[in-house]
Structures are given as C-alpha cells and as structure tokens.
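Asker: Dropping the sequence and predicted coords here.
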Number of protein chains: 2
Amino acid sequence: MSYIRLVFTLDLFGDKKTGMMRNTLRRLPLYAQIKSVLIRRIVDGEWQANQALPSEWELAAELDVSQGTVRKALGELVTQGVLYRRQGRGTFVAEVASDWGAGYLVTPGLLNEKPDELVLELLGCSRGNAPDEVAQVLGLRRGAPVIRVRQLWRLSGLAVALDDAYLPAEPFDGLDARSIRQCGGGVYVTLQRRFGVRLRVTGEQLRAVMLGREDAAMLGVAPDQPVLSQLRVSATMEGEPLEWRQRICLTDSLAFTTGRQP
Amino acid sequence: MSYIRLVFTLDLFGDKKTGMMRNTLRRLPLYAQIKSVLIRRIVDGEWQANQALPSEWELAAELDVSQGTVRKALGELVTQGVLYRRQGRGTFVAEVASDWGAGYLVTPGLLNEKPDELVLELLGCSRGNAPDEVAQVLGLRRGAPVIRVRQLWRLSGLAVALDDAYLPAEPFDGLDARSIRQCGGGVYVTLQRRFGVRLRVTGEQLRAVMLGREDAAMLGVAPDQPVLSQLRVSATMEGEPLEWRQRICLTDSLAFTTGRQP
C-alpha cells in the first residue's frame, strides 16, 4: 500500500470522525504523513496500550517508505508521548492520556510514593459560549459555542479536586454527559474512543489561591483555605489546542506531582 | 584509547573531584561507562552548551567501541536532558540546569508567555545536621552533616520566591557562600563548575499553603496569604539524590509553569 493511498484513506477517516483533517495531509512532508497514519492506527485500536509496534523495517516495507522516514515518524511520536521505547525491546504504545496527564496526587513529604486511585464524578456537561480567556487560548472567536465539562475527583470518598474544562463545540458533536459516562474514564478517554482525538497537555500553570465559596460548596469543604489552582491547555498530537481546563486541588493532606521526571 | 584506559582515567577524576565514583565504573556495562565518559567531558567543558558532539561514528572510533554502544549512551543522555537532538543536525549539549530546573514563573492566564528574568540573592550558606525528612530522602543517616543554602529570587526588585536547599556536606567540601557568589548562578552552576556534578530534578511536589510569619519577613510581604510550596529532590545523572529543596513562590500576580511539555 503506497502512502498516496494511505493519505486518501486518512482523508476519509478524518472527515468522518472530526472534520479537522480534510485537505491538510497532502501538504505535509512524508514522515509527518506516516506519523498521522500511525496515530490513526493507534487511535483505531490496531495497536493497544503497551503493545509493541512492528519493527522499523517491517513498517517501512508495509507503508512503502524508507526506514529513515519511519524512524523519524516514530521518533517524534516518542517525543510527544504517544509511543515509548524500551532499550533492545522495541517501540510500544503509551497508555491513553488520563484527565490528569502525567501528574497525580500523592502524600506530601516523600517523593517516591505510589499514586492513589482517584474516583471520578461527572458533575455536568453543558453547551454555552466561550469565556474570553478560553476563546483566546483555543483560538476561537469571542463567544464561540463551547462544551463545558465539570468533574469532581474523590479519594477514599472525600472530594480532593474540581475540574472545569472547555472544548470547542464544533468538532465534538454528540459529546454530552451520557457519552462521557458511557466511556467511564473522563474527557480524554471519551475524546479518544468517540472522536479519535488524542490530547496531550501542552501548557500548565500552577498557583496558590484562596478557595471561593462556590467551589467550596461543590467540594463540600470550608472556604477561605489555600488551594492549588492549575490552569492547563491540551492539544492534539498535531498541536491544535482543543481543551482549556481549570483544576482546583485540596492540598492540605495531599501534594500534586507533575510526574514528568525520568 | 580503549575503554579500560578511559575507566582508569575516570576513576582518577572521580576520586579527585567528588570521591563518589571510585570503584563503581568497572561494574557498569560498557554503554554506561561510555555515558560516564561523555558526562565527564561535558562537565569538564570539552563540549559547551549548545555545541554539537562529534558524530556517533567519530565517537565510536575515538572511544574504540561500537557505534551501537555510543548510540545507546547518547540515547540515555538525551532522555536525561544532558543532550538534545536536532533532526538532521546532530546531538547537542543542553544548557547547564538552572536552580529552577525546567520550570519558571510567568504571568498568569496566558500559557505561552516568555519567562521573566529572576535575580538571585544568596541569603546564606551554613553547615548543620540533616533534618529527618532531608536525611531520609537523601539516603543519609539521621543528623548527618549537611550544607544549607538559602536563596531569595526577585523580579523587578520584588521578592517572589524563597529557597531552602540541603546538600550532603561530604562530597561538597569547600561549598560556601563565597564560592556560590563567585559562580554567580546559584547552586547548580556552582556544583557543576566547582565539583563537576550535574544535577537534574527527579521528584517534585506542589502544594498550596499559608505563608508563615518567618518566611513572610524574609520575603518582605504580609503573612497569612496562600503561597505555592514546591518540594523538590535532585540527583546526579547516575541517580544519586544530592539535593533536597523547599521553595515558596508568591503567586498572587505570577504563576509557576513546569515547562516540561514538548
């Protein structure tokens, strides 16, 4: 199968699933086309998380491109966190991004404790207009239609974090509370399973703020205490920003670790 | 020059400079020995920041090992952030780690603003005994001798962050306020220039806490406001933890970004 035919196939997929890929691939260099092909096959489930990809040699033969082109595509996918390498064992598919990205909550003080399992509670999924800050970061016009997802995270029953996520409405027709509940694993898993879109965190800011009354009521705790406020932007593997998210974490008995250190 | 001879050279260097490398290299696999050789040459300034290394082929010939061994060593150094690659242009030496690691302070709200330049003020460098938490994380016995470095960071003259760093005293004989001031760029630059030790952040925790009276006085601001508390451990390239650091950031008009996203 030549890359020309692959591009055609991709156009159909792109059009059907997100409407965002049409006419874009033909302008890309060959290795970037191969990258898109590999992303699509991962998103479609041909290779599962932690499964090994075929060798560079096998992929090159199958895709009818040079091994160097495959290597370059794989290299960028490793850098972007879609794939990971194990020395002498090959290239593997990374886990689907969780709504926490690489970060998680741990017990404060010691730096090597295992993450605790958080339980997700979907508070709501509604349609509205983009607040100015969201529109600016996502590259939307002022007041563009957006989907707002509110989520609560619990640890041993106690609320520990509150999320407020905004996504552009246009590419995610059909994203609602029911579809998120069906997928069961938060926004990112839903986007990947239903829309074939894999997001990764591309920007993250952390501040300490005072917990407001409204958020305190949602969390079921007292207001006027310091909380960790996390502002985050996530984008597709191609770099298109598709999610703006504000998260508040209670850190009196927990700490947030970015989890990005090797 | 064979790798046997290199190992011998390294032992001398290690012994002279840190006392930590003696007798450890001979037990390492060949690619790890080559990795140590390359680290040593970078630390010694043979290749400067943002300078290209010789090709894999040239390094293999010079070090009398296979190109695969060199590639494996270079690959790990890229993963550890000592080197970076530019597609088609080669492998380059990364900048010396700053005391902020990859993170920095930015204006809150927008996620793509350039970092502001912080000005460092050394408050003190003293010798004492390791607090229990520090000893545990650095793998020292209780009350082991440590060096404590306090630093203040200013932005446009205003204090924005306060650091409290602990290092084991033994490998850093001669580390004092004078030597840090001479190097002028904080703890990490001093460790690299004076002791040939290059640190990288291996663990990081973030919490929101209330600013205490003592720290508020140091920072010259009012107490009882929420501040970002960062607990951090840094280790050598070989993974030996050598620094425990607590940092407090004022985030009323600034935000901390981890800066680790690709």
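Answerer: Cool, got the structure. All values derive from a computational prediction rather than experimental measurement.

Asker: Contact residues of the stretch 151-262 of chain A facing chain B?
Answerer: By Cβ under 8 Å from any Cβ of the partner chain, the residues of the stretch 151-262 of chain A that approach chain B are A:200-210, A:226-229, A:231, A:233, A:249, A:251, A:254-258, A:260-262. Every residue, glycine included, has its C-beta placed from N, CA and C.

Asker: Leaving out chain neighbours, which residue sits closest to residue A:180?
Answerer: residue A:190 (4.9 Å; Cβ to Cβ, 6 or more residues apart in numbering or on different chains).

Asker: My guess is residue A:77 contacts residue A:39. True?
Answerer: Yes. Taking contacts as Cβ atoms under 8 Å, residue A:77 lies within contact range of residue A:39: 7.3 Å.

Asker: can you list residues touching both of these two?
Answerer: residue A:237 (Cβ atoms under 8 Å, 6 or more residues apart in numbering or on different chains).

Asker: Output the contacting helices and strands for the helix or strand that contains the residue nearest to residue A:180.
Answerer: Residue A:190 belongs to helix A:187-195 when elements are defined using DSSP states H and E. Counting contacts by 3 or more Cβ pairs under 8 Å, 6 or more residues apart in numbering or on different chains; DSSP states H and E, helix A:187-195 packs against strand A:158-168, helix A:177-183, strand A:199-210.

Asker: before we move on, the earlier item: my guess is the residue nearest to residue A:180 meets residue A:175, correct?
Answerer: Yes. If you go by Cβ under 8 Å, residue A:190 and residue A:175 touch, sitting 6.9 Å apart.

Asker: Between these two, point out the one with more neighbours.
Answerer: residue A:190 (23 against 20; other Cβ atoms under 10 Å in any protein chain shown).

Asker: now the helix or strand containing residue A:71 against helix B:67-79, angle please.
Answerer: Counting by DSSP H and E, the element that carries residue A:71 is helix A:67-79. Angle of helix A:67-79 versus helix B:67-79, following axes from the mean of the first three to the mean of the last three Cα atoms, to 10 degrees, is 30 degrees.

Asker: Any idea which residue is closest to the centre of chain A?
Answerer: residue A:199 (2.9 Å; Cα atoms, centre = their mean).

Asker: in chain A, what secondary structure element scores lowest on mean pLDDT?
Answerer: Scoring the helices and strands of chain A by mean pLDDT, DSSP states H and E places helix A:3-17 at the bottom, with a mean of 34.

Asker: after that one comes which helix or strand?
Answerer: Downstream of helix A:3-17, the next assigned helix or strand under DSSP H and E is helix A:30-43.

Asker: so what does the helix or strand just after that following helix touch, helix or strand wise?
Answerer: For helix A:30-43, the following helix or strand on the C-terminal side (DSSP H and E) is helix A:56-63. Applying 3+ Cβ pairs under 8 Å, 6+ apart, one finds that helix A:56-63 contacts helix A:30-43, helix A:67-79.

Asker: One more pass at 6 Å, please.
Answerer: With contacts taken as 3 or more Cβ pairs under 6 Å, 6 or more residues apart in numbering or on different chains; DSSP states H and E, helix A:56-63 sits against helix A:67-79.

Asker: Residues contacting the helix it packs on, please?
Answerer: Residues from elsewhere that reach helix A:67-79, judged by Cβ atoms under 6 Å, 6 or more residues apart in numbering or on different chains: A:30, A:31, A:34, A:35, A:56, A:57, A:59, A:60, A:83, A:85, A:91, B:262.

Asker: In the stretch 1-150 of chain A, where is pLDDT below threshold?
Answerer: Residues of the stretch 1-150 of chain A that meet the criterion pLDDT under 70 lie in A:1-26, A:80, A:97, A:110-115.

Asker: Please repeat the previous calculation with a cut-off of 50.
Answerer: A:1-24 (pLDDT under 50).

Asker: Could you pull out the buried residues of stretch A:123-131?
Answerer: For stretch A:123-131, a neighbour-count test (16 or more other Cβ atoms under 10 Å in any protein chain shown) marks A:125, A:130 as buried.

Asker: That should have said stretch A:28-39, apologies.
Answerer: Quick answer for stretch A:28-39 (16+ other Cβ under 10 Å): A:31, A:32, A:33, A:34, A:35, A:36, A:37, A:38, A:39.

Asker: try stretch A:43-52
Answerer: Result for stretch A:43-52 [16+ other Cβ under 10 Å]: buried residues A:43, A:47.

Asker: now swap in stretch A:76-86 and tell me
Answerer: For stretch A:76-86, by 16+ other Cβ under 10 Å, it's A:76, A:77, A:78, A:80, A:81, A:82, A:83.

Asker: mind saving the C-alpha coords of that stretch as PDB?
Answerer: C-alpha atoms of stretch A:76-86 as PDB (Å, rounded to 0.1, in the frame of the first residue of the first chain):
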ATOM      1  CA  GLU A  76       8.500  12.300  17.000                       C
ATOM      2  CA  LEU A  77       5.800  10.100  18.400                       C
ATOM      3  CA  VAL A  78       8.100   9.100  21.200                       C
ATOM      4  CA  THR A  79       8.900  12.800  22.000                       C
ATOM      5  CA  GLN A  80       5.100  13.500  22.000                       C
ATOM      6  CA  GLY A  81       4.400  10.700  24.400                       C
ATOM      7  CA  VAL A  82       2.300   8.600  22.100                       C
ATOM      8  CA  LEU A  83       4.900   5.900  22.000                       C
ATOM      9  CA  TYR A  84       7.700   4.900  24.300                       C
ATOM     10  CA  ARG A  85      10.900   2.800  23.700                       C
ATOM     11  CA  ARG A  86      12.400   0.000  25.700                       C
END
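
Asker: distance of residue A:62 from residue B:240?
Answerer: 44 Å (Cβ to Cβ, to the nearest Å).

Asker: Over to residue A:120?
Answerer: Residue A:120 is 38 Å from residue B:240, by Cβ to Cβ.

Asker: Repeat that for residue A:38.
Answerer: Using Cβ to Cβ, residue A:38 is found at 38 Å from residue B:240.

Asker: ok, residue A:244 - contacts?
Answerer: A:134, A:137, A:138, A:166, A:233.

Asker: could you redo the last one with a cut-off of 8 Å?
Answerer: Contact partners of residue A:244, counting by Cβ under 8 Å, 6+ apart, are A:133, A:134, A:137, A:138, A:165, A:166, A:231, A:232, A:233.

Asker: Run the angle between the strand or helix carrying it and strand A:158-168 for me.
Answerer: Using DSSP H and E, residue A:244 sits within strand A:241-249. On the basis of the same axes, to 10 degrees, strand A:241-249 is oriented at 160 degrees to strand A:158-168.

Asker: Restrict strand A:241-249 to CA atoms and write it as PDB.
Answerer: Extracted C-alpha coordinates of strand A:241-249, given in PDB (Å, rounded to 0.1, in the frame of the first residue of the first chain):
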ATOM      1  CA  PRO A 241      -5.300  23.400  21.100                       C
ATOM      2  CA  LEU A 242      -8.700  21.800  21.900                       C
ATOM      3  CA  GLU A 243      -9.100  22.000  25.700                       C
ATOM      4  CA  TRP A 244      -8.800  24.700  28.300                       C
ATOM      5  CA  ARG A 245      -9.100  23.400  31.900                       C
ATOM      6  CA  GLN A 246      -9.000  24.900  35.300                       C
ATOM      7  CA  ARG A 247      -8.400  22.500  38.200                       C
ATOM      8  CA  ILE A 248      -8.600  23.200  41.900                       C
ATOM      9  CA  CYS A 249      -6.800  20.700  44.200                       C
END
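
Asker: since we're on residue A:188, how many residues are nearby?
Answerer: Around residue A:188 there are 23 residues (other Cβ under 10 Å).

Asker: and the gap between it and residue B:252?
Answerer: Applying Cβ to Cβ, the value for residue A:188 to residue B:252 is 31 Å.

Asker: cool, and residue A:44?
Answerer: Taken as Cβ to Cβ, the span from residue A:44 to residue B:252 is 47 Å.
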